[in-house]
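K.L.:
This is a predicted model, with the sequence first.
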Amino acid sequence: MLLISCPNCGPRDETEFHYGGQAHIAYPENPNDLSDREWAEYLFYRENTKGTFAERWVHSTGCRQWFNMLRDTVSYDIHAIYAMGQPRPDYPADQASAPGLAPGAATPASSATTPTSSEGV
Amino acid sequence: MAETATPAETANVDHVRAARRSPGQHLAEAFASGSVPGTVTLTEIPYQTMVGIRVDRESDGGARVASLTGGLPAACGEVTGAGSINSLWLGPAEFLVVAPEEAHDSLCGSLVADLTAALGSDPGQVVDLSANRTTYELSGSRARAVLEKTCSLDLHPRVFKAGTALATELAHIPVLLWKTGEESYRVFPRASFADFLGRWILDAMREYASPEVP
Amino acid sequence: MSADHLPEHPDFLWRNPDPKKSYDAVIVGGGGHGLATAYFLAKNHGMTNIAILEKGWLAGGNMARNTTIIRSNYLWDESAAIYEHALKLWEILPEELEYDFLFSQRGVMNLAHTLGDVRESIRRVGANRLNGVDAEWLDPQQVKELCPILNTSDNIRYPVMGATYQPRAGIAKHDHVAWAFARKCDELGVDIIQNCEVTGFIKDGDKVTGVKTSRGTINTEKVGLCAAGHSSVLAEMAGFRLPIQSHPLQALVSELHEPVHPTVVMSNHVHVYVSQAHKGELVMGAGVDSYNGYGQRGSFHVIEEQMAAAVELFPIFARAHVLRTWGGIVDTTLDASPIVGVTPVENMFVNCGWGTGGFKGTPAAGLTFAHTIATGAPHELNKPFALERFETGALIDEHGAAAVAH
């Protein structure tokens, strides 16, 4: 069980969230201009990183807001949580930049805002 | 709310009241016999008026809505309001206004219409969600222990304080959990989950009917 | 007791050779598919100067972690053809490999719990029959007769409204299957090289010419990738992409019991698949975790939900104890069908995307992939499963028959 720190609601069980796959995939500006190969890349091809991966989650039984997350796909450690639309933070190069809260997000109810992960039994 | 109801309005109200069935109505007897007075009790508070609001609370429309509801909550957990009308935080721009059944427009109230008028044509929405969820009230010294059997949130009073409400899961069911007093919780399950959750909570209460083993 | 009293070690089933400097072909991945591919390369195509490179130990990945179900009742013609061919091979392989790997054709039931399920299932039975796959539709009474421990009462959340049934389907002992293939590969001259991790590929332009490994560089004419959950990692090393997402898939076993469960029962809807292993454990598959993951473990709530569903369908399981749970990494595609064929890199071939159902496909994957590697062109059976289908749009959507949510 992942423990995910929602930027709005604080740490919650993984079961409250839904997974949205790889982050930072933009809809093509001119889909009609794409070749079949390029369209297939957009539609079907996603990174399958072994290691630090930028992905989207939505807090579906909580605030219903989407956010981005940097997570290690081997250790399942969560390295950073950041707002939709924000660029992917550097990791591990720039660990000093405090990950976690989306700018402008409301203060979470819980005091524990540092993204942490813990795995279930 | 209208000061006095006309005979026609009264007749309509009686008609509405007679036609309703609340999602937990069939469990009322089981709730009564399963409750342990002074320890843990479960009741349904049916037909509360609930209005879903989506609005930027910093906007003019948000301010007009807030003036009717006694404020809109700013952060997760917050509940605003005074007296019988309260607003629960659902998201950064999403709130649930909860009021007694009499506030509903079908019972000579005007809450939905008033909120709709307050938002006007500004961006956002006001939706009557009164039939979406029912309300269970769980109270007593063991109420927290019952919830802790399924709720993964920290319900200890130093963290979960009276007067706050959170959206979470109980028994895999998405609910709103509002702590209304030190030993009193209101749980809002969607209507279709009300039977399941009601029976689940009853089952979780059973052990407190037996004498405690020293 | 001193070592003198220990008996002689029985004959090893395969050698443990050091890698040679070069091979005619190298298979990456020493699981079921890699072993089967090497076997058919040697047997059908006379390619015996070949090696299987395995990062860990032989058949220690998904081959050691699957729930051993074998069936061929897939919906579309392309899938029915390749899975049915696999099933026919399963039927002759114990004799061919001279190894009884306990292939037990005890039948597989796929339960229907909703009207939608019923319609989809009956459609699939019809499609299966047209493709020569044995398939029957069972009503709840027939389900109960075949598997008496199933709860077929109306008093459950998702009552059993019927089931598809494939009598020739069943289970096999997965590690015996691996050992059977390994012994034959070894006899045919194939080098099985364990503890040999691939760290890169040597290319001449767009053509692969060698493999860098933790045990040195190996030159090779051809490379076949059979690495399941790690296929994307290898493809990235080789410089191309795959439309694969790797997810943890979990399973569990109970302690040993007397025989209680005569067949294999699968339910898409409440998400259970369970059989009783020869030794007596109840073997159950759970679901995939929604997130991408390479950890061979998953979230506990997935196991919890699986157990709840299993106990509802099989009330007597409530008294069984879980012995252990584990996870494997499955390589899922968007259409729940595998990818077997050529890659953008010349002389490099890929067999992946079998997702949650690779075990049953082992012999056909090996046969068709060996053909593809040996001849440079796909076998008739794996032609539709080319990588290029994601560009042409000729997808083979088997989400309904794949049984585990992809």
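P.N.:
Looks like it came in fine.

K.L.:
pLDDT at residue A:100, what is it?
P.N.:
Looking at residue A:100, its pLDDT is 44.

K.L.:
my bad, should have said residue B:83
P.N.:
So, for residue B:83, pLDDT stands at 84.

K.L.:
Return the residues in contact with it.
P.N.:
Taking Cβ atoms under 8 Å, 6 or more residues apart in numbering or on different chains, we find residue B:83 in contact with residue B:70. Where C-beta positions appear, they are placed from N, C-alpha and C, glycine not excepted.

K.L.:
ok, so what distance separates it from residue B:90?
P.N.:
Counting by Cβ to Cβ, to the nearest Å, the gap between residue B:83 and residue B:90 amounts to 21 Å.

K.L.:
how about the residues of chain B near chain A?
P.N.:
For chain B, the contact set with chain A under Cβ under 8 Å from any Cβ of the partner chain comprises B:74-78, B:90-92, B:94, B:152-154, B:159, B:164, B:166-169, B:172, B:174.

K.L.:
let's go with 10 Å and repeat that
P.N.:
Counting by Cβ under 10 Å from any Cβ of the partner chain, chain B comes close to chain A at B:57, B:73-78, B:89-94, B:151-154, B:159-161, B:164-169, B:172-175.

K.L.:
Run a quick neighbour tally on the residue of chain B found nearest chain C.
P.N.:
Across chain B, no residue is closer to chain C than residue B:172, which sits at 8.1 Å (Cβ to the nearest Cβ). By other Cβ atoms under 10 Å in any protein chain shown, 16 other residues sit near residue B:172.

K.L.:
Return the distance of stretch B:26-40 from the chain's centre.
P.N.:
19 Å (Cα atoms, centre = their mean, to the nearest Å).

K.L.:
The helix or strand where residue C:308 lies packs against which elements?
P.N.:
Residue C:308 belongs to helix C:300-313 when assigned by DSSP states H and E. Where contact means 3 or more Cβ pairs under 10 Å, 6 or more residues apart in numbering or on different chains; DSSP states H and E, helix C:300-313 is packed against strand C:245-256, strand C:264-267, strand C:272-276, strand C:281-288, strand C:322-332.

K.L.:
Tell me the buried residues in that helix?
P.N.:
Burial within helix C:300-313, assessed by neighbour count using 16 or more other Cβ atoms under 10 Å in any protein chain shown, is assigned to C:301-303, C:305-307, C:309-313.

K.L.:
Assess the claim that residue A:42 and residue A:27 are in contact.
P.N.:
Yes - in this structure, residue A:42 is within contact of residue A:27 by Cβ atoms under 10 Å, at 7.8 Å.

K.L.:
The two: which is more packed in?
P.N.:
residue A:42 (15 against 6).

K.L.:
Please report the distance of the residue of chain B found nearest chain A from residue C:315.
P.N.:
Per Cβ to the nearest Cβ, residue B:77 is where chain B lies closest to chain A, at 3.5 Å. To residue C:315, residue B:77 is 41 Å away according to Cβ to Cβ.

K.L.:
same question, residue B:139
P.N.:
35 Å.

K.L.:
For these two, indicate the residue with more neighbours.
P.N.:
residue B:139 (19 against 14).

K.L.:
Could you report the pLDDT at the more buried one?
P.N.:
pLDDT, residue B:139: 98.

K.L.:
just residue B:94 next, same as before
P.N.:
pLDDT for residue B:94: 98.

K.L.:
Chain neighbours aside, what residue packs nearest to it?
P.N.:
residue B:54 (5.1 Å; Cβ to Cβ, 6 or more residues apart in numbering or on different chains).

K.L.:
do residue B:169 as well
P.N.:
residue A:61 (5.5 Å).

K.L.:
just to revisit the earlier point, would you confirm that the residue of chain B closest to chain C contacts residue C:301?
P.N.:
Yes - shown here, residue B:172 and residue C:301 form a contact pair, counting by Cβ under 10 Å, at 8.7 Å.

K.L.:
Counting neighbours, what do you get for the residue nearest to residue B:94?
P.N.:
The burial count for residue B:54: 16, using other Cβ under 10 Å.

K.L.:
again with residue B:45
P.N.:
Quick note: residue B:45 (other Cβ under 10 Å) scores 15 neighbours.
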